[in-house]
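In: just a sequence and a predicted model for now, questions to come.
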Amino acid sequence: MLATFRAHAKGWIAWVFVILVTVPFAFWGVSQYRSLVTTNYVAKVNGEKIMPNDLQQAYQRVYQQRQQALGNKFNPTQKQETALKKQTLQQLITRTLLRQQAQSDRLVAGKQAVRQEISQIPAFQSNGHFDFQQYRNVLAENNLSVSQFEGQVRSQLLEQQLQTGVAQSAFATPAEMESIVSLLKEKRRVAWFVLPIKQFQPSGPPSKAAVEAYYKAHQDQYSTPERVDIAYVRLDRKTLEKRISVTPSALRDYYDSHQSKYGTPPARKAAEILIKPHGNSPKDWAAARKTIVKLLKKVRNAPHAEKTFAELARKHSDDPVSRRNGGSIGYVARGQMPKSFDHALFGIKNQGGVAGPVRTAKGWVLIQLLGSRGGSVRPFSAVKDQVASDYKADHANELYYKLGDKLANSAYEHPNSLKPVAQALGLKVKTVTGVTRKKGTGIASHAKVRTAAFSDTVLKQRQNSPPIKLGNEDAVVLHVTNITPSSVEPLAKVHDSIVAALQKRRAAAATQKAATAALTALRSGKSIADVARAHDAKPQGPKLVARGAQDVPPALNEAVYRLAPAAGGHARYATTDLQNGDMVVYALLGVKPGDVKSLSAGERQAYANQLGQAYATQSVQAYIAWLRSQADVKIDEDNIR
């Protein structure tokens with residue numbers, strides 16, 4: 001999975017949302033969020049619980065990955081979303097079983113392996129190299145501690161170790177290799193001829209009675225489906241960006257605090273000592289400050305301030321990550337740290353200088369300047385338009401989530417009309433017409449919109465839908481304004497299409513009859529050439545045909561390799577139909593097995609690799625199936641939402 005993350009994450013924002021599986025607590029999910037903290041589990045694996053929150057996070061990751069991969073083509077129905085969530089739960093169960101077994105087998109993923117894996121993740125890199133401070137920042141922005149994330153990585157490495165061990169135990173024997181090559185490189189001797197359907201077209205039109213009978217028997221084909229007209233309000237980031245006004249000073253401030261977007265900003269290498277208060281009372285904070293002041297005096301009185309600072313950090317700092325690095329947090333650009341920390345760090349004049357105590361949300365901090373480096377940031381004048389675009393996007397994103405609850409609440413409080421909803425949020429009521437259960441334009445091209453429009457609440461009770469998420473920062477609320485019932489097209493309107501269908505059916509029946517007669521003749525002992533000429537067809541072959549060969553119709557190739565050869569080397573006869581309605585009558589005359597000796601060294605190695613991979617996959621799947629058979633797995637369907 002980590003390899004997939006590295007391959008597909010595009011920039012740290014994408015990685016944050018796709019890989020760190022942040023759950024966007026948007027308005028339509030507020031009630032779901034409350035349910036996420038329930039103590040009820042969705043599954044229990046050998047006594048270990050998988051909580052609803054675990055499933056929701058994993059599901060969001062899978063959903064967003066598919067959305068990014070498929071774009072607008074990813075348009076699941078509610079039923080498909082439920083199926084995807086259940087599939088995700090099964091994956092979580094499998095991963096839990098693998099981790100449990102890896103721990104039982106005493107497999108180990110050491111600190112060095114974990115750190116190596118993390119260092120290769122693009123989200124934590126700056127200019128192609130691992131950036132410790134960026135690592136901390138990304139985790140903090142996603143409410144993940146270092147220990148939590150490293151625990152996740154360690155679990156994944158253990159799972160990979162176990163699966164790799166099972167896979168490497170699988171291999172193909174020479175006899176198996178010879179058998180698979182014999183099958184895959186096999187060629188079959190075939191002769192055939194084609195009966196074109198156009199030669200069997202009826203000479204006259206179908207009778208009036210036949211047309212009427214077909215019409216009555218197939219009225220579902222000539223019915224116009226139930227259609228609805230939908231009114232909707234749409235809350236999306238692009239629309240909200242138009243509401244965001246910018247000023248020169250606001251853009252300049254945004255540029256100054258987001259310089260990493262526009263190049264590599266100047267940075268300072270820093271070390272810290274963090275002392276956390278034991279509680280949140282003024283006395284607790286005062287006690288913590290007293291402790292850190294003592295440490296500050298020791299640093300200032302020491303002949304080697306940097307060495308002393310590092311020793312004190314290792315011994316006293318409450319930050320487990322920087323503590324093991326002697327307090328070092330790497331290079332920090334302006335704006336990356338909390339304001340109080342940022343101001344103190346960039347106020348230190350000399351290398352080795354110390355600032356503090358500085359109060360932060362976590363506790364009191366001492367900061368030491370270890371070094372600095374220059375940057376290369378494009379000037380504001382060169383990126384002003386991009387800064388304005390980024391500024392609007394970020395503020396529109398914040399506004400979207402602020403208005404989200406308002407949209408949901410207003411739609412619920414005024415269920416019979418969208419006008420109050422639109423007025424409350426400053427949105428316009430728009431419409432889309434002629435929407436069926438299977439088709440629609442505009443927002444109705446989304447399956448989930450059509451599903452909502454034809455739900456009992458929206459269609460029969462004529463109430464507003466709940467907010468429906470169409471994508472990231474994009475949601476709609478629907479209201480059905482008009483219903484056009486299903487109706488059957490009059491016979492006169494569909495007469496010509498019925499005639500065409502009947503003629504095609506008659507031609508297909510005549511073609512099939514001719515093919516059956518040809519088979520009878522072949523089985524009576526006549527040659528395929530004679531039978532072909534008797535039906536005004538051109539005989540082809542006999543020839544050796546390889547599996548998947550392109551010099552015969554694909555349907556014929558598939559049929560030939562699906563047909564079991566006759567015993568004793570005798571011919572076997574059969575028919576198959578082509579996509580255009582033509583029929584093929586063919587004879588399977590013999591089989592020539594593939595010979596492993598005919599392969600080059602490169603081909604032999606390629607087959608060995610493919611067979612080995614197939615066996616490895618089967619072995620892992622069989623091992624997982626065995627783990628499942630031995631495990632005590634309980635699933636609570638009621639908690640899978």
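Out: Sure, I can see it. Residues are numbered from 1 along each chain as shown.

In: CA atoms for contacts and neighbours, from now on please.
Out: Noted.

In: what about residue 519, which SS state?
Out: The assignment at residue 519 comes out as helix when based on DSSP: H, G, I helix; E, B strand; the rest coil.

In: same question for residue 330.
Out: Put simply, residue 330 is strand when judged by three-state DSSP.

In: phi, psi for the closest residue in space to it that isn't next to it in sequence please.
Out: Excluding the flanking residues, the one nearest residue 330 by CA to CA, 6 or more residues apart in numbering is residue 269, at 5.1 Å. Main-chain dihedrals, residue 269, degrees, to the nearest 10: phi -90, psi 130.

In: list the helices and strands the host helix or strand of residue 93 packs on?
Out: According to DSSP states H and E, residue 93 maps onto helix 78-104. If you count contacts as 3 or more CA pairs under 8 Å, 6 or more residues apart in numbering; DSSP states H and E, helix 78-104 packs onto strand 43-45, helix 52-70, helix 146-168, helix 601-630.

In: identify the residues contacting the first one?
Out: What that stands for is strand 43-45. With CA atoms under 8 Å, 6 or more residues apart in numbering as the test, strand 43-45 has contacts from 49, 50, 51, 93, 96, 97, 631, 632, 633, 634, 635, 636.

In: residues touching the last one, list them.
Out: The one in question is residue 636. Contacts for residue 636 were tallied using CA under 8 Å, 6+ apart; they are 41, 42, 43.

In: SS state for the residue nearest to residue 365 when sequence neighbours are not counted?
Out: Take residue 365 and drop its neighbours on the chain: the residue closest to it by CA to CA, 6+ apart is residue 274, 4.6 Å away. Under three-state DSSP, the three-state class of residue 274 is strand.

In: shouldn't residue 274 be in contact with residue 366?
Out: Yes: using CA atoms under 8 Å, residue 274 is in contact with residue 366, at 6.7 Å.

In: circling back to that earlier point, got a list of what the residue nearest to residue 330 touches?
Out: Residue 269 neighbours (CA under 8 Å, 6+ apart): 328, 329, 330, 331, 332, 369, 370, 371, 372.

In: swap in 10 Å and give it another go.
Out: By CA atoms under 10 Å, 6 or more residues apart in numbering, the contact list for residue 269 reads 133, 328-333, 345, 351, 368-373.

In: which residues of this structure score low on pLDDT?
Out: Residue ranges of the chain with pLDDT under 70: 1-39, 72, 141-143, 641.

In: hang on, residue 256 in a helix?
Out: Yes: Residue 256: assigned to a helix according to three-state DSSP.

In: now whichever strand or helix holds residue 557: buried residues?
Out: Secondary structure assigned from DSSP H and E places residue 557 in helix 554-562. Using 16 or more other CA atoms under 10 Å as the test for burial, helix 554-562 gives 556, 557, 560, 561.

In: need the contacts of residue 636 in TSV (columns: neighbour count and distance to residue 509).
Out: What follows is these, written out as TSV (neighbours: other CA atoms under 10 Å; distance: CA to CA, whole Å):
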residue	neighbour count	distance to residue 509
41	22	59
42	21	55
43	24	55
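
In: what bridges to residue 272?
Out: As for beta bridges, residue 272 partners with residue 367 under DSSP bridges.

In: before we move on, back to that, pull up the overlap in contacts between residue 274 and residue 366.
Out: In contact with both residue 274 and residue 366: 292, 313, 317, 327, 357, 358, 359, using CA under 10 Å, 6+ apart.

In: nearest to residue 493 among those residues?
Out: Nearest to residue 493 among the shared contacts of residue 274 and residue 366 is residue 359, at 80.6 Å by CA to CA.

In: these two touch, right, the closest one and residue 342?
Out: No: using CA atoms under 10 Å, residue 359 makes no contact with residue 342, being 11.6 Å away.

In: can you list the domain ranges for the chain.
Out: 2-170+631-639, 186-221+491-592, 227-234+402-485, 266-374 (automatic domain parsing).

In: to residue 244, which of those lies closest?
Out: Proximity to residue 244, assessed across the domains of the chain by CA to CA, is greatest for domain 227-234+402-485 (13.5 Å).

In: distance across that closest one, terminal residue to terminal residue?
Out: Distance across domain 227-234+402-485, first residue to last, is 7 Å (CA to CA, to the nearest Å).

In: then stretch 212-229?
Out: Distance across stretch 212-229, first residue to last, is 33 Å (CA to CA).

In: mind listing what's buried in that stretch?
Out: Those would be 215, 222, 225, 227, 228, 229, for stretch 212-229 by 16+ other CA under 10 Å.

In: stretch 430-446 now?
Out: Buried residues in stretch 430-446, defined by neighbour count with 16+ other CA under 10 Å: 431, 432, 433, 434, 435, 436, 437, 440, 443, 444, 446.

In: got the CA coordinates for it in PDB?
Out: Extracted in PDB, the C-alpha atoms of stretch 430-446 (Å, rounded to 0.1, in the frame of the first residue of the first chain):
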ATOM      1  CA  LYS A 430     -31.400  25.900 -10.800                       C
ATOM      2  CA  THR A 431     -33.300  23.100 -12.700                       C
ATOM      3  CA  VAL A 432     -32.700  20.000 -14.800                       C
ATOM      4  CA  THR A 433     -35.500  18.400 -16.700                       C
ATOM      5  CA  GLY A 434     -36.400  15.000 -18.100                       C
ATOM      6  CA  VAL A 435     -34.500  13.000 -15.600                       C
ATOM      7  CA  THR A 436     -35.100   9.200 -15.600                       C
ATOM      8  CA  ARG A 437     -33.900   6.600 -13.200                       C
ATOM      9  CA  LYS A 438     -31.100   5.700 -15.600                       C
ATOM     10  CA  LYS A 439     -30.300   8.900 -17.500                       C
ATOM     11  CA  GLY A 440     -29.900  12.600 -16.800                       C
ATOM     12  CA  THR A 441     -28.000  15.600 -17.800                       C
ATOM     13  CA  GLY A 442     -26.000  18.100 -15.700                       C
ATOM     14  CA  ILE A 443     -26.000  17.100 -12.100                       C
ATOM     15  CA  ALA A 444     -28.400  14.300 -12.900                       C
ATOM     16  CA  SER A 445     -25.600  12.500 -14.800                       C
ATOM     17  CA  HIS A 446     -24.500  11.400 -11.300                       C
END
